[in-house]
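Asks: I would like the atomic coordinates for the input below:
(2 chains)
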Amino acid sequence: MCKSFFSILFFLLLSLPSVSQEKVRLRLDTVRNKYMPTGLRIGMDVISLIRSRDNSLKAWEINFDTDFSRYYFTVDYGYWATNQMLGNGNYQNAGNYIRVGADINLLLKDPDKNMFFFGFRYGISSFRESVQYQNNSSYPGFGIITGNETNNNLSGHWIELTTGLRVKIVSGFWMGYTGRLKFAPSASGGGKLTPYDMPGYGIIEETPYWGFDYQLFWRFGWRKPIKRSAKN
Amino acid sequence: MARILLFLLVVLFGTSCFNEPDCIVTASTAIKIDFKQIKTNSTTLAKTVADSALVFNSVWVSGIDTAYIKFVKDKTYNSITLPVDPRVKTIKYIFNIRSTSGTISRTDSIQFSFSSESRVIAPRCGAYTYFLDLKVTSTNFENAKYKLVSNRLLKNTTNVQVFF
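Replies: This next block holds a predicted model:
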């Protein structure tokens, strides 16, 4: 119920940009070099680092984006390792992931390159996982069922819809967040352990799956943005 | 601005219900066998499947030294759930079926093979072994007398129907 409500609102918000684009038409002083990138923004996810203080998760993520007018090409690269106590055992995984995608900035004329954006990502993950557990058999004479399984070479992929904010705090420094609606996960390479938790995605059997990053960005510009006017 | 505030509210709401996995464990370590009979309507010749009530003198499970089911007066079975031994990959059941007169009228057996996989359900539920790829490897039942309904061992799921 909770997820469904969030999903509906998320997609309603996705429909808003087309309305706002009709209202505000930007005229460029020049169309020359419109799509030339003006800089590279490098960021990191703070939530991953904070959560890594707990022994059950070690994770980090770095983010890159560069502008092509209102469009941003983005790459996220991260690491994720969990060590979870189960009700009847223990589960561990570790692996790297990369997401590639694009965002569309709805605050194009903002001089500080603040962003309110929507976008998509295609994620790829390479990871390993293992589980140890014990369960009672249905017939006591058969003893305790013990599981000790490992998947060493798993790979997977998924798709995300994203939205978020980037707000300039001081020159060259931005803060913001990215909300992620992840879906269509797929993992291959598993043996007797069904893949459970995919780094970068989360629990594979849960779809859609939500993600949230709070990010810090530093921007390295090499060209001034083209001045834009709101006048028609 | 209103749009941004709305979006912030949505995000806050969404983070409050983040990814709570369900704790539904369907794994079973037993094979469910239903006993059926085919009845033919004498006038329409239409065939229907009905439950068949059997009286067992005993039911034996490989790996268990004593009878898993023993004779109980007036006790009939139209379905039985028999354990699988997780330490091995095959299991054999022997049915000593009792006639109404009280003598053993027939002995039937069926042997299954199966494989298993491990699945993590959720941290608080834990991980479970799921038995799958159930196959009948040998039996004295004729091919038409039994039917593999489900090859996965799940709670409240019939795996085999045997027709008498």
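
Asks: Tell me the spacing between residue B:66 and chain A.
Replies: According to C-beta to the nearest C-beta, to the nearest Å, residue B:66 stands 9 Å off from chain A. The C-beta positions use only the backbone N, C-alpha and C, and glycine is treated the same way.

Asks: tell me the pLDDT at that residue?
Replies: According to the prediction, residue B:66 has pLDDT 91.

Asks: tally of neighbours for it?
Replies: Using other C-beta atoms under 10 Å in any protein chain shown, residue B:66 has 9 other residues around it.

Asks: can you give me phi and psi for residue 141?
Replies: Since you didn't name a chain, this refers to chain A. phi -60, psi -20 (degrees, to the nearest 10).

Asks: same question, residue A:140
Replies: Per degrees, to the nearest 10, the backbone of residue A:140 is at phi -60, psi -30.

Asks: what's around it, how many residues?
Replies: Count around residue A:140 with other C-beta under 10 Å applied: 9.

Asks: Return the distance of stretch A:135-144 from the chain's centre.
Replies: Chain-centre distance of stretch A:135-144: 43 Å, with C-alpha atoms, centre = their mean, to the nearest Å.

Asks: Helices along chain B, start to end?
Replies: Secondary structure of chain B by DSSP state H: the helices cover B:2-16.

Asks: just for chain A, where's the confidence low?
Replies: A:1-33, A:225-232 (pLDDT under 70).

Asks: which helices and strands sit right next to the longest strand anywhere in it?
Replies: Assignment by DSSP state E gives strand A:144-170 as the longest strand of chain A. Strand A:144-170 sits against helix A:2-14, strand A:89-105, strand A:115-136, strand A:173-188, strand A:197-198, strand A:209-221, strand B:126-139, with contacts defined as 3 or more C-beta pairs under 8 Å, 6 or more residues apart in numbering or on different chains; DSSP states H and E.

Asks: Name the strands paired with that strand and say parallel or antiparallel.
Replies: Paired strands of strand A:144-170, with direction, are strand A:115-136 (antiparallel), strand A:173-188 (antiparallel) (DSSP bridges).

Asks: As a markdown table, the helices and strands packed on strand A:144-170 with distance to residue B:67 and mean neighbour count would be great.
Replies: Listed next are the helices and strands packed on strand A:144-170 as a markdown table, based on distance: least, C-beta to C-beta, whole Å; neighbours: other C-beta atoms under 10 Å in any protein chain shown:
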| stretch | distance to residue B:67 | mean neighbour count |
| --- | --- | --- |
| helix A:2-14 | 50 | 14 |
| strand A:89-105 | 34 | 19 |
| strand A:115-136 | 22 | 19 |
| strand A:173-188 | 45 | 19 |
| strand A:197-198 | 44 | 25 |
| strand A:209-221 | 49 | 18 |
| strand B:126-139 | 19 | 18 |
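
Asks: give the contact list for the residue nearest to residue A:125 when sequence neighbours are not counted.
Replies: Leaving aside its sequence neighbours, residue A:125 sits nearest to residue A:97 (C-beta to C-beta, 6 or more residues apart in numbering or on different chains; 4.1 Å). Contacts for residue A:97 (C-beta atoms under 8 Å, 6 or more residues apart in numbering or on different chains) come out as A:76-80, A:123-127, A:198-201.

Asks: Could you list the low-pLDDT ranges of chain B?
Replies: B:1-22, B:100-104.

Asks: The one residue sitting closest to the centre of it pairs with what?
Replies: What sits nearest the mean C-alpha location of chain B, by C-alpha atoms, centre = their mean, is residue B:32, with 3.1 Å. Applying DSSP bridges to residue B:32 yields these beta-bridge partners: residue B:81.

Asks: Of the strands paired with strand A:144-170, give the one that comes closest to residue A:153.
Replies: strand A:115-136 (6.9 Å; C-beta to C-beta).
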